[in-house]
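Chemist: Quick one, fold the following:
(chains A, B and C)
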Amino acid sequence: MQDNKKSSQKSGFDFRSITKTKGFSAFTAALLAIALGLIFGLIVMTLANPSKAMAGFRYVLVGGFSRFGDVLYFATPILMTGLAVGFAFKMGLFNIGASGQYTMGMFFALYVGFMVELPAGLHWIVAILAGMIGGMIWGFIPGIFKALLNVNEVITSIMFNYIGMYLVDMWVQGNATMYIASKSRTNYLPSTVQIPSLGVQGSNVNLGIIFAILIAVTLFIVLQKTTFGYELKATGYNKYAADYAGMKGKRNVVVTMIIAGGLAGLGGAFAILAPSAIAGSSMTYEPINIIAANGFNGIAVALLGSSNPIGIIFSAIFISHIQRGGSLANLVGFKPEIIDVVIAVIIYFSAFAMIMNSALAKFVKSKFGKKVEMANANAEPTTTNKEAK
Amino acid sequence: MKKVLLIALSLILVLSMVGCGQKSDDGTYEIALITDKGNIDDKSFNQGAWEGVKAYAEEHKISHTYIKPEEASDAGYLAAIDLAVTGGAKIVVTPGFLFEVPIYEAQTKYPDVKFILLDGAPHTADYSTFETKENVASVMYSEEQSGYLAGYAAVKDGLTDLGFMGGMAVPAVQAFGYGYLQGAEAAAAELGLADGAIKVTYHYTGNFEENDTNKATARTMYQEGVQVIFACGGSVGKSVMSAASEAGAKVIGVDVDQRYDSETVITSATKGLSASVVQVLDAIYNDGWATYSGKTTYFNAANNGVGLPTAVIGDANGNAFDRFSTFDKAAYDAVFAKLADGSVAPIRTITVADASGVATADELTSALNLVKVAVTTR
Amino acid sequence: MENYIVEMLNITKEFPGIIANDNITLNLKKGEVHALLGENGAGKSTLMSVLFGLYQAEKGEIRKNGEVVKINNPNDANALGIGMVHQHFKLVEIFTVLENIILGVEPNKMGFIEKKEAKKKVIELSEKYGLAINPDALIENISVGMQQRVEILKMLYRENEILIFDEPTAVLTPQEIKELLKIMRGFAEEGKSILFITHKLNEIMEVADRCTVLRKGKYIGTVDVKTTTKEELSRMMVGRDISFSVDKEISKPGEVVLSVNNITVASKLHKNNAVKGVTFDVRAGEIVCLAGIEGNGQTEFVAALTGLEKMTEGSIRLCGKDITKSSIRERSISGMSHIPEDRHKHGLVLEYSLEENMVLQRYWESKFQNKGFIKFDAVREYSEGLIKQFDVRSGQGPITVVRSMSGGNQQKAIIAREIDKKHELLVAVQPTRGLDVGAIEYIHKQLVATRDAGKGVLLVSLELEEVMNVSDRILVMYEGEIVGELDPKTTTVQELGLYMSGAKRNTVKETNHAG
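Modeler: Alright, predicted model coming up:
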């Protein structure tokens, strides 16, 4: 009995970091959520166009495989904003401000791109870092408000989405080098500041995705292996216990929001600095007073990825995959708006199912919770040979 | 375990359903329109062009669709063109100058596909090469004629104190403005007014935005006695309309019929997006492609490419001139005919000393031969 | 055959891997208070859940008035007149008392709730049984005691005749417990039948007619309370002898470890101060007990002492060092260990594993981290040591998620962590709350051992027995002030009670000095 227990513990330890039972169940939950989302998407497609629904749905489902480069390319920014939301959520902070941080990062990257002259190999790196700093500033402000004045970060970060967007639009329009008024968009960025492409034919996929995945893995390690991650998660799970243990809650709130902001800012930088398949062209920013959708998509990405950085890599790629496939549904005659609806249904229903999943678990627990506790309590005498002294 | 089973089952279900679906090619289409950053119902280029595509294609039972780019960038537009061609498009309609660079790429990439590029001409990203290949029709509009009609109508309607608020002094905006002044001059002459009887306050905002500065400018102009402002600069119009409704004054819209944007809009100096698309499509299907192929064609009154709205959108019996006091369809038709037959040819460009293209009052007066109209700039 | 109202015969209920109830039989007579005794995890709650329809037993049958019944869900149970007060109340916080009572059985006329009638009935019931409530108060605004009365009224309103109380006294103050036991007795005399789940022997001796004992899912026996003793019950429950008195030497107080001076803390609930000028010392090698009825400022005082909350006035010296303005971490490093009052709120991160919780106070020490990376091997080794030393039992050892552990073992984990950490002062706040006798005995021993190791112990407790048995010196707190210092060897429970209720007070150090 004793040996048995030990060996099972040992094997538990070996797999622990990878297939922790919790992470694994989150994975199955995500699959279930996705399956539900897909079914709902199919229903919407069938309602829209019964005869083409299957063909269209097949594009949604597998179409992305034929354009994997684009899948990765479009996954890059939402992977970053997903991390921005998910990382903060690990600490119990709901960072709705990823859009503003993203836009700010975009602007800082643009600024370096247009206004700072640097050698080719260095220019884009500096621009990326500038984007990160821009996002960090925009994450820092809600963080410091939360830490010092206990202002709810949801409210501040929503406000800062607007403030950031309007500020950036104003700055862009006020800068004659950046902005071409007659086309109401920014100028083409110099090629020195564009992130090197990965060279996939017909796709802008670039080093950004590699960086994004590396960052996600780094975050995973930070969360799992470091004292900072330990404090962060402890605060997220139970901030009273974190206080009790003498963790510097306020400092951690600010640091977390800075990191989250930096992640979203990087997303903005990766998006705007992407190379263009057309010579001399580049990404452009249009200051048309619209909040960046990628910030909000980050929420869905984070939800679907259970806020786990590794999960977020996969959920970002999945969402991008569905979107790319969805565009192809055009080929069988689905209108873009219908496709948008279908994709939104799939993504948000999946994310929603993910929430419901935890709500469901909570419900089950509250109803049958005794079962679990009892089971464990009763496990004691059978799994340990130590009878009462 | 149950959960895993459930997932497996539902995935199998979904996949098998997909497997049953036969790939059908009848979803392909001949004419595809790519929208720019806006939606299909943007009351501007996308909508105007799409109405043309739809009208022609439905009449002739040609399959058609529109595609929304995944990303509002040159590469994103090009990707949307790729998708359209993959989907079988033989004709691709791209509304707006944002497509200039993507079309430059696409015309070489797809020599067998015909492109209709509205309000732009293909060129490289760095503007070093302008080239319109045989498979591209570049469509531009004679804004000066549209502006002429607007100015003519305003003065004919009895207004004497006019305003012009352009965005930036780019060619299209300049042409609208010059036409506006010339139209006002012509109407004043017909009415036999004294020299300088018509006052025009002429202004470029320097941007295409809705903002407080623009609104304040419009408000000041109205306070100074301006009766109607020709708002010619994208979102500048919203600022002007907002000022007009406060002042109880009038506005002339631009590009498309802006009747429904505000009660203050008496008419709009439109470009016939829909009509031009229909005409080019008609040429393509009736061996007339050579007329448009490989060059820039200006649409004007002669081919119904510009004008004031003559019908109320969504109301077949509505009177498009109901917001004028006296000016009506007959008077409009008369002046339109003159433009169409070429007996009246407004000046499109003048020489301007200022680098940014902002003309002085003297430049305007002398170059456009203004007598009845007294221009002040601000 | 006796006249049993409910018979649960040979009930067996299994959960994956565990037999929670193994062939258990329980017979309830009409009009009796029947106690169900067992340690945490003995299977009491499972058995009651089977009766209440939350679980279905694999084997065995339930009879009511001799007839076999099938109870598939709580509604079936209700229909049979079985009601249950859960350990964690099932009340809608934002509803009023009345709304909660009638929830699910709302009297209505064409779909409109007829509150007036219901209110009349509820008030009648509350007066009849002495269950004071305000029907219009919101649940979130009323005390735990009153919430429990609401739960009881829910059963009465549904005219249940078999009332199950699942550890009802765990959340109550001594006065409220007394009141509740009286009410239960009243029900029994009225002919209702009570099933009373508990592990507190005193309560059983006071109120129950018979007692069924479970141990590790097995039926041990049913005894008549009049003919048994506490010692026998505890032997049945634990399987060995339990000593109720705490063996300890006379304390030998040494240097002053903790010196608090004139501590004043503002209240969050009202305008007055929650703690008013509290001054006392704790010496090395003594257990000082801060006694008092709940809500007399103990919680606020401890929060200020440990740094969780700010105080408005006063100073604290720990081992001669002024820590008045120190952070929680600094206090911890200076030698303060803290067993918090609410182990779920403060003491543990329930989602973390046992080993992660074991280093909650120490993860930053160089022993457990290197350049910011946690040394998981060291953490594992350390927590395995503690688990062994303090006999913390759990399903999977160090990697058990703490939420799944029993309350007693959660508390043991905290105690292991706080005692093993280098400290000079141990602040233990209600360390035995909600635990069974075995665990209580263990914790008392640990407190004494800490004292004997030359540390100062400040024990905050509501349990009179604990106060009398464990401490070397008693400070009674009443309305935020220290109203008396007593020597447990010379004082009586009655006298202590008088101080606690504010009926008597002396100036500190008027009575015997400790030790």
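Chemist: distance of the spatially most distant residue from the centre of chain C from residue A:333?
Modeler: Within chain C, the residue lying farthest from the chain centre (Cα atoms, centre = their mean) is residue C:110, at 44.9 Å. Going from residue C:110 to residue A:333 by Cβ to Cβ, to the nearest Å gives 53 Å. All C-beta spots, glycine's among them, are computed from the backbone N, C-alpha and C.
Chemist: next one: residue B:200
Modeler: Relative to residue A:333, and taking Cβ to Cβ, residue B:200 is found at 51 Å.
Chemist: looking at this, residue A:341 is in a helix?
Modeler: Yes: judged by DSSP: H, G, I helix; E, B strand; the rest coil, residue A:341 forms part of a helix.
Chemist: Which residue, neighbours along the chain excluded, lies closest to it?
Modeler: Leaving aside its sequence neighbours, residue A:341 sits nearest to residue A:44 (Cβ to Cβ, 6 or more residues apart in numbering or on different chains; 6.0 Å).
Chemist: The one you found contacts residue A:345, doesn't it?
Modeler: Yes: between residue A:44 and residue A:345 there is a contact under Cβ atoms under 8 Å: 5.3 Å.
Chemist: if we can go back for a sec, OK, contacts around the residue nearest to residue A:341?
Modeler: A:338, A:341-342, A:345 (Cβ atoms under 8 Å, 6 or more residues apart in numbering or on different chains).
Chemist: try 6 Å this time
Modeler: A:341-342, A:345 (Cβ atoms under 6 Å, 6 or more residues apart in numbering or on different chains).
Chemist: For those, which entry has the maximal number of neighbours?
Modeler: Among those, residue A:342 has the most neighbours (other Cβ atoms under 10 Å in any protein chain shown), with 26 neighbours.
Chemist: Could you name the specific helix or strand carrying the closest residue in space to it that isn't next to it in sequence?
Modeler: Leaving aside its sequence neighbours, residue A:342 sits nearest to residue A:41 (Cβ to Cβ, 6+ apart; 4.7 Å). Residue A:41 belongs to helix A:21-48 when elements are defined using DSSP states H and E.
Chemist: How about the residues of the stretch 51-200 of chain A by chain B?
Modeler: With Cβ under 6 Å from any Cβ of the partner chain as the criterion, the stretch 51-200 of chain A comes near chain B at residues A:54-55, A:57-58, A:61, A:181-182, A:184, A:188.
Chemist: Now for the residues you listed: which two are most distant?
Modeler: A:54 and A:181 (47.6 Å; Cβ to Cβ).
Chemist: that older thread, tell me the one among the contacts of residue A:44 nearest to chain B.
Modeler: If you rank the contacts of residue A:44 by distance to chain B using Cβ to the nearest Cβ, residue A:341 comes first, at 12.4 Å.
Chemist: any idea how far that closest one is from residue C:67?
Modeler: 58 Å.
Chemist: cool, residue C:192 as well?
Modeler: 19 Å.
Chemist: Which one's more surrounded, the two?
Modeler: A direct count of neighbours by other Cβ under 10 Å for residue C:192 and residue C:67 places residue C:192 higher, at 23 against 8.
Chemist: Where do the strands of the stretch 201-350 of chain B begin and end?
Modeler: Secondary structure of the stretch 201-350 of chain B by DSSP state E, counting those that start in this stretch: the strands cover B:228-232, B:250-255, B:265-271, B:295-299, B:306-307.
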